[in-house]
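Peer 1: My questions concern the predicted model and sequence given below.
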Amino acid sequence: MTKLYCIALLGLSVACGPSSGGGSSGADGQSGGAEMKLDLPAELPGTSSTGPDLECSVVVEESLTVDGQTDRAWLATVREVQGNLMVMNLSDSAHLDELQCLEVVGGWLRLHDNPDLVDLAGLGRLREFSGGLGPSYGLHVLRNPVLESLGGLTALKEIGGIEILSNPRLERLELQGFRRIGQLLIGSTACPDPAPPPGEPTGPREFSGDNPSLKELGPLDLSLIHI
């Protein structure tokens, strides 16, 4: 079986973090105005809140795993994860809208086995990914059966490496907003073979395997990728 591996160099910094609850109160200690109510304890281990309310204020001070059991109302307030962030087996989430507040991840980000994930539009505020700097892969996208595009990472400009494996409906990368990519590893695709055997024509060649629907890298400036 022929396999195509696209390798490139990019720098990225990422950070993630959990949260704590709490409502707003007036100067007299009595609660005033509308309150955001979450079915969560007032304090969660390894979390802190940095704003006057919970909206986009939660910092997770350790690694975080998000799955079908995670409270999505709380997740929608997480601004930073200081460790690694893993999103797995998260159903009924086509765009990761639950992570719309996320700006910083301190380790790597791994998205795997999410049955309804179509694109990454919910990660539009993610701008810093420190775990993705250097030679390691910071973003891992694995075994998402209906994922069509990586589009949505509009604020993220640099990453150390991206690994893309076993996403059978992935058609587009949509990484054109990046300034630098360290390594880009893509499993089997339908991309053009960069080095066909002597005598064989160039152009698209159908490969079976990890990402069989991916036929082009899209408008990605390959000059930013360094082997």
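Peer 2: It's in.
Peer 1: Check which helix or strand residue 185 maps to.
Peer 2: strand 180-186 (DSSP states H and E).
Peer 1: and that strand, what does it pack onto?
Peer 2: When contacts are defined as 3 or more Cβ pairs under 8 Å, 6 or more residues apart in numbering; DSSP states H and E, strand 180-186 sits against strand 158-165. (Glycine included, C-beta is placed from N, CA and C.)
Peer 1: For the chain, which segments count as strands?
Peer 2: Ranges of strands within the chain are 47-49, 58-60, 64-66, 78-81, 85-88, 104-105, 109-112, 128-129, 139-142, 158-165, 180-186, based on DSSP state E.
Peer 1: From what I see, residue 59 and residue 101 are in contact.
Peer 2: No. Using Cβ atoms under 8 Å, residue 59 is not in contact with residue 101; the gap is 10.9 Å.
Peer 1: who touches both of these two?
Peer 2: 78-79 (Cβ atoms under 8 Å, 6 or more residues apart in numbering).
Peer 1: quick check: mean pLDDT across stretch 101-121?
Peer 2: Here stretch 101-121 scores 96 as its mean pLDDT.
Peer 1: swap that for stretch 144-154, please
Peer 2: So the average pLDDT for stretch 144-154 ends up being 94.
Peer 1: just stretch 177-197 next, same as before
Peer 2: 69.
Peer 1: Then stretch 217-227?
Peer 2: For stretch 217-227, mean pLDDT rounds to 54.
Peer 1: For the protein, which segments count as helices?
Peer 2: All helices of the chain, identified by DSSP state H, fall at 72-75.
Peer 1: and residue 160, what pLDDT?
Peer 2: For residue 160, pLDDT reads 82.
Peer 1: From what I see, it and residue 136 are in contact.
Peer 2: Yes. Assessed by Cβ under 8 Å, residue 160 is found in contact with residue 136 at 6.0 Å.
Peer 1: coming back round to it: can you put the strands of the chain in a markdown table and add distance to residue 72 and mean neighbour count?
Peer 2: Formatted as a markdown table, the strands of the chain follow (distance: least, Cβ to Cβ, whole Å; neighbours: other Cβ atoms under 10 Å):
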| stretch | distance to residue 72 | mean neighbour count |
| --- | --- | --- |
| strand 47-49 | 16 | 18 |
| strand 58-60 | 13 | 25 |
| strand 64-66 | 9 | 20 |
| strand 78-81 | 11 | 26 |
| strand 85-88 | 12 | 22 |
| strand 104-105 | 18 | 28 |
| strand 109-112 | 16 | 22 |
| strand 128-129 | 22 | 24 |
| strand 139-142 | 21 | 22 |
| strand 158-165 | 26 | 23 |
| strand 180-186 | 31 | 23 |
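Peer 1: what's near enough to touch the closest residue to residue 155 other than its chain neighbours?
Peer 2: In this structure, residue 155 finds its nearest non-sequential neighbour in residue 127, 4.1 Å apart by Cβ to Cβ, 6 or more residues apart in numbering. Going by Cβ under 8 Å, 6+ apart, residue 127 touches 103-104, 155-157.
Peer 1: try 7 Å
Peer 2: By Cβ atoms under 7 Å, 6 or more residues apart in numbering, the residues touching residue 127 are 103, 155-156.
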